[in-house]
Each structure stands twice: as C-alpha cells, then as structure tokens.
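**Q** Coordinates only, no sequence provided:
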C-alpha cells in the first residue's frame, strides 16, 4: 500500500481536524504526522542562516522545532504511541521545560532527550489526542525562543489510504 501525504492547516484554538487525522491513523495502526508552526516565507527569511557545514557538525537540531506523532502499531507488536520533537535548544530540554511549568505529562515515558536528535517519549493509550496536541504545541512554542510561532500550524499526515 502506498503512503500518501496530506497537509492539514489548523490553529491553536481549533485542532479538531488534526485530532480526526490522528484518530484515523490510530485505527489503521500505522503512519505518522509531522507538526510545525505555520510560518510564512517572510518569517523564515528572518531566521538566522546556518551553513550546510554548521548543520552537519552542530550538536543541535533545527531552529524551528518540528514534532512527530506515531500511533500504536496494529501489527500485534507492543509498540506504543510515540511523540518526538526535533529542536535546536540544546541538551536536557525536558528539565528546562519543566522549570518553566511544562513537564512531560504523568504516564508519559521519556525515551530520549538529546541535543541534536531531540525528545522522544511514549504516550499512554489513555491520553486523548487533544491532550497530546495541546502538549506538543506548547512544547514547540517553548522550544522556539528565537521564533514567534504564532497560532497557525501545519501538519503533514502520512498514512495508507
């Protein structure tokens, strides 16, 4: 089955379409969704440039964070729902976010918190899509100290249709 990508535009105050896509992929038990700020080309032009060389040798991720959500696997394996966030704020992002009042929710299990590879956590099956989206949007905002992410967002959904 071919993987297809669809783009969903949404706002901080209306994530219903994204949540519906999450539910569809959860029912399929495969696919993923990438979530990021809906920045304009003008917004991107204001970001400090990074050379290809500095990207390659740098110990940090991207200036504009991006989150990924994957559903629990439907193949009989015990693969839980997972989230990941690529960011450029350096090591130990979760403790710094917790100091600002944005802790990893209860029941979520940290699997990685790396300067270049980002944050990875397992999400319990009891977490609602709305709660996951809310935390991811707040985390992306917190991990964007040099970027005003605003309230417009974009999600790219990948799944078999």
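**A** All right, it came through fine. Worth saying up front: this structure is predicted, and the values here are computed from it rather than measured.
**Q** give me every residue that touches residue 72.
**A** Residue 72 is in contact with 26, 29, 79-81, 125, counting by Cβ atoms under 8 Å, 6 or more residues apart in numbering. The way it works is simple: take the backbone N, C-alpha and C, and place the C-beta from them, glycine included.
**Q** Which of these scores worst on pLDDT?
**A** Among those, residue 79 carries the lowest pLDDT, at 83.
**Q** got any ranges where this structure has weak pLDDT?
**A** 1-4, 44-45, 47-62, 76, 160-161 (pLDDT under 70).
**Q** centroid residue for it?
**A** Centroid check for the chain by Cα atoms, centre = their mean gives residue 67 as the closest residue, at 1.3 Å.
**Q** Does it belong to a helix, a strand or coil?
**A** On the three-state scheme (DSSP: H, G, I helix; E, B strand; the rest coil), residue 67 is labelled strand.
**Q** is it true that it touches residue 138?
**A** No - using Cβ atoms under 8 Å as the test, residue 67 is too far from residue 138 to be in contact (10.7 Å).
**Q** thinking again about what came up before, which of the contacts of residue 72 are buried?
**A** Buried by 16 or more other Cβ atoms under 10 Å: 26, 80-81, out of the contacts of residue 72.
**Q** So which of those residues sit within helices?
**A** residue 26 (DSSP state H).
**Q** Return the set of residues that bridge with residue 109.
**A** residue 122 (DSSP bridges).
**Q** isn't it right next to residue 120, touching?
**A** No - with contact defined as Cβ under 8 Å, residue 109 does not reach residue 120; the gap is 9.6 Å.
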